[in-house]
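Peer 1: sequence? don't have it. structure:
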């Protein structure tokens, strides 16, 4: 049995592998094309992972949040456009969603007033920015719910076959 690392300040990839109870060699066997040496370089931050490697680790470690972490923190484009999503429990996600939707409902009439003429006047900018912030909160909450779902599917809490069956029906 491999010894547990005593290294402090382990990066997210290192922690996820250890949480799964895998050695680098075992992790490498799960991920076709990702060698134990390459995993070591990523974990010890001697090399940044490539997107396809993050995807492999995400699937191998059953940790879908690794993809969001990579995009929000390591990808130059993602750093500009992708917010980092924090994993939360379902009840908190739902409450945040309802609060954001209620705020958006209250702002709906004002958005119509602001945009009806196709221009945003100086006296409308402040309200428009507040409405954008509310919509961004809704977007982040939707992404949080998606990440929660992916995690529940990855760890088997939600039956993948049943989920995909119902998803296919709703897509049709």
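Peer 2: Here it is on my side, so go on. Note that the coordinates shown come from a computational prediction; the quantities given were computed from them, not determined experimentally.
Peer 1: so for this structure, the centremost residue is which one?
Peer 2: Against the mean C-alpha coordinate of the chain, by Cα atoms, centre = their mean, the closest residue is residue 68 at 3.6 Å.
Peer 1: relative to residue 170, how far out is that residue?
Peer 2: Taking Cβ to Cβ, to the nearest Å as the criterion, residue 68 is separated from residue 170 by 24 Å. Heads up, the C-betas are built off the backbone N, CA and C, glycines and all.
Peer 1: list the buried residues in the helix or strand harbouring residue 38.
Peer 2: Residue 38 is located in helix 36-43, with elements delineated by DSSP states H and E. The neighbour-count criterion (16 or more other Cβ atoms under 10 Å) identifies 38-39, 42-43 as the buried residues of helix 36-43.
Peer 1: could you do stretch 24-33 as well?
Peer 2: Taking 16+ other Cβ under 10 Å as the basis for neighbour counts, the residues of stretch 24-33 that come out buried are 24, 27-28, 30-31.
Peer 1: centre of the chain to that stretch, how far?
Peer 2: In terms of Cα atoms, centre = their mean, to the nearest Å, the gap separating the centre of stretch 24-33 from the centre of its chain is 23 Å.
Peer 1: list of residues touching it?
Peer 2: 17, 20, 22, 34-36, 38-40, 43, 53, 56-57, 59-61 (Cβ atoms under 8 Å, 6 or more residues apart in numbering).
Peer 1: roughly how far apart are the residue lying farthest from the centre of the chain and residue 124?
Peer 2: Ranked by distance from the centre of the chain (Cα atoms, centre = their mean), the top residue is residue 117, with 36.8 Å. The spacing between residue 117 and residue 124, counted by Cβ to Cβ, is 10 Å.
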